[in-house]
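Peer 1: have a look; sequence and predicted model below, questions after that.
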Amino acid sequence: MTTRQVEHEITVEAPAAAVYRLIAEVENWPRIFPPTIYVDHLERGDRQERIRIWATANGEAKNWISRRTLDPENLRITFRQEVSTPPVAAMGGAWIVEPLSGSTSRLRLLHDYRAIDDDPAGLKWIDEAVDRNSRSELAALKTNVEFAVASEEITFSFEDSVRIDGSVKDAYDFVNEAGLWAERLPHVASVRFGEDTDGLQSLEMDTRAKDGSTHTTKSYRVTFPHHRIAYKQVTLPALMTLHTGYWTFVEDGTGVTASSQHTVVLNTANITKILGADATVEDARSYVRNALSTNSRATLGHAKDFAESRR
C-alpha cells in the first residue's frame, strides 16, 4: 500500500498559543474555517476526542467523523478520519504551530493518505484535492485567525429566552419546521427550505424589516431533536462578516425554556455606509443586536403560542 505524505505551511501574524487555541477548541471552527457549519463532540477526554464535522464542499453540505489527539505542550494536534469517502482509503495528519516571535507563528498542516486499491488515478485525484484544499484552508485560516485575535471588540454574543408552558417537542417542532415560517411568522416574507440529509437543513429566507424593506439570508442548520438546532449564516446582511447561533430547548418539571443564541462579527467597513457618517462600533453592535433579537423574540413568542395551544 502506498502512503503519500505531504506538508503545507503559512505564516500567521498571531501568537502561537492563540493560533493553537483557536484550532484546538472546535467551537471556534465556524469562525475560522469558512466551510465549517458546526462541530459536535461525540467523545471528549483530556487529550483524545471524537468530533463530527458538518461543512460545505463544492456547495453541498457534508458531515464526517474524526478522531483527534491534542498536545498543548508541543502545540500539535493530530487527526484521523474514521470513515473516508472514495477514492480515499485512509486520511490523517497533524496541525503544528511553531512560534517565530511573540506575535508571529508558522502553521504547518501535514497529511498522510492512501487511495483505494492503490489506484493511480485515485491517488492523483486525492493529491490535487489535498493540495487545493490545504492552500485555500491555510490562506482562509491565516485571514480568519488574525482577524479573530484582532477583532475582540467587534465580536459579541447574546441570548434571548422565553418560558413555555407546553411540551419541548412542540416548541422544537415550530423552530425545526422552518419551511412553514412564511405562513407562521409575520416577519418572514418567503422561504426556500431543504433537508436532503436527515438533520442537515438549508434555509434561505426573505425577512421584512420594520421599515418594510426585505433582505435575503441563507443558513445551513444542524438539528438535534428535541433540544438544539445550530446554524451558520452563509449569506449575510451588510453589517456582519459572521453570524452563527443555536436554538436550545430545555425541559424541566414546570415547562420549557426556549432560547436563541447569536454570535456576531461586525463588518466595520459598512458601519458608516449603513448607519451614517458618525456611527460607531457601539452603534452597530446595538443596531445588530436589536435587529436579531427582535426576530428571535418574535419567533420564540410564536413558538410559545404554538406549543401552548397544543397542550
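Peer 2: Yes, it's here.

Peer 1: would you mark the buried spots in the strand or helix carrying Thr263?
Peer 2: Assigned by DSSP states H and E, Thr263 belongs to strand 255-266. Within strand 255-266, the residues that qualify as buried by neighbour count (16 or more other C-beta atoms under 10 Å) are Gly255, Val256, Thr257, Ala258, Ser259, Ser260, Gln261, His262, Thr263, Val264, Val265, Leu266. From N, CA and C alone the C-beta is placed, and that goes for glycine too.

Peer 1: please apply the same query to stretch 285-293.
Peer 2: Under 16+ other C-beta under 10 Å, the buried positions of stretch 285-293 are Arg285, Tyr287, Val288, Arg289, Ala291, Leu292.

Peer 1: need the pLDDT of the first one.
Peer 2: Looking at Arg285, its pLDDT reads 95.

Peer 1: so which elements touch the one helix or strand it maps to?
Peer 2: Applying DSSP H and E as the criterion places Arg285 in helix 281-309. Helices and strands touching helix 281-309, by 3 or more C-beta pairs under 8 Å, 6 or more residues apart in numbering; DSSP states H and E, are strand 155-164, helix 168-176, helix 181-184, strand 255-266, helix 271-275.

Peer 1: next secondary structure element downstream of the shortest one?
Peer 2: Looking back up the chat, that one is helix 181-184. That would be, after helix 181-184 and using DSSP H and E, strand 188-197.

Peer 1: relative to helix 168-176, how tilted is that following strand?
Peer 2: 110 degrees (axes from the mean of the first three to the mean of the last three C-alpha atoms, to 10 degrees).

Peer 1: partner strands of the next helix or strand after strand 188-197 and their direction?
Peer 2: Moving toward the C-terminus from strand 188-197, the next helix or strand (DSSP H and E) is strand 200-208. Strand 200-208 sits in its sheet next to strand 188-197 (antiparallel), strand 214-224 (antiparallel), going by DSSP bridges.

Peer 1: residues contacting strand 200-208, please?
Peer 2: Residues from elsewhere that reach strand 200-208 (C-beta atoms under 8 Å, 6 or more residues apart in numbering): 54, 61, 63, 178, 181-182, 186-195, 214-223, 231, 235, 295.

Peer 1: quick one: low-confidence ranges for the stretch 1-150 of the chain?
Peer 2: Along the stretch 1-150 of the chain, segments meeting pLDDT under 70 span 57-59.

Peer 1: okay, helices next: where are they in it?
Peer 2: Along the stretch 1-150 of the chain, counting by DSSP state H, counting those that start in this stretch, helices occupy 16-24, 29-32, 120-150.

Peer 1: tell me the most buried of the ones you listed?
Peer 2: Highest mean neighbour count of the helices of the stretch 1-150 of the chain: helix 29-32, a mean of 22 (counted as mean count of other C-beta atoms under 10 Å).

Peer 1: and that one, how far out from the chain middle?
Peer 2: 6 Å (C-alpha atoms, centre = their mean, to the nearest Å).

Peer 1: for it, packing partners?
Peer 2: Counting by 3+ C-beta pairs under 8 Å, 6+ apart, helix 29-32 packs on helix 16-24, strand 36-44, helix 120-150, strand 240-252.

Peer 1: go through the ones you listed and name the closest to Arg4.
Peer 2: helix 120-150 (6.6 Å; C-beta to C-beta).

Peer 1: distance between that closest one and the chain's centre?
Peer 2: 17 Å.

Peer 1: again, but for stretch 74-87
Peer 2: 19 Å.

Peer 1: list the buried ones in it?
Peer 2: Quick answer for stretch 74-87 (16+ other C-beta under 10 Å): Leu75, Arg76, Ile77, Phe79, Arg80, Gln81, Ser84, Pro87.

Peer 1: wait, doesn't the last one sit right on Asp119?
Peer 2: Yep, that's Pro87 we're talking about. Yes. Look at Pro87 against Asp119 with C-beta atoms under 8 Å: they come within range, at 6.4 Å.

Peer 1: re earlier: pick out whichever of the buried residues of strand 255-266 sits closest to Thr11.
Peer 2: Val265 (22.9 Å).

Peer 1: contact partners for the closest one?
Peer 2: Arg31, Phe147, Ser151, Ile154, Thr155, Met240, Thr241, Leu242, His243.

Peer 1: how about it: what's its closest non-neighbour residue?
Peer 2: Nearest non-adjacent residue to Val265, counting by C-beta to C-beta, 6 or more residues apart in numbering: Leu242, 3.9 Å away.

Peer 1: relative to Asp131, how far out is that neighbour?
Peer 2: 27 Å (C-beta to C-beta, to the nearest Å).

Peer 1: still on that earlier bit, nearest to Ser161, of the contacts of Val265?
Peer 2: For the contacts of Val265, the nearest to Ser161 is His243 (19.0 Å; C-beta to C-beta).
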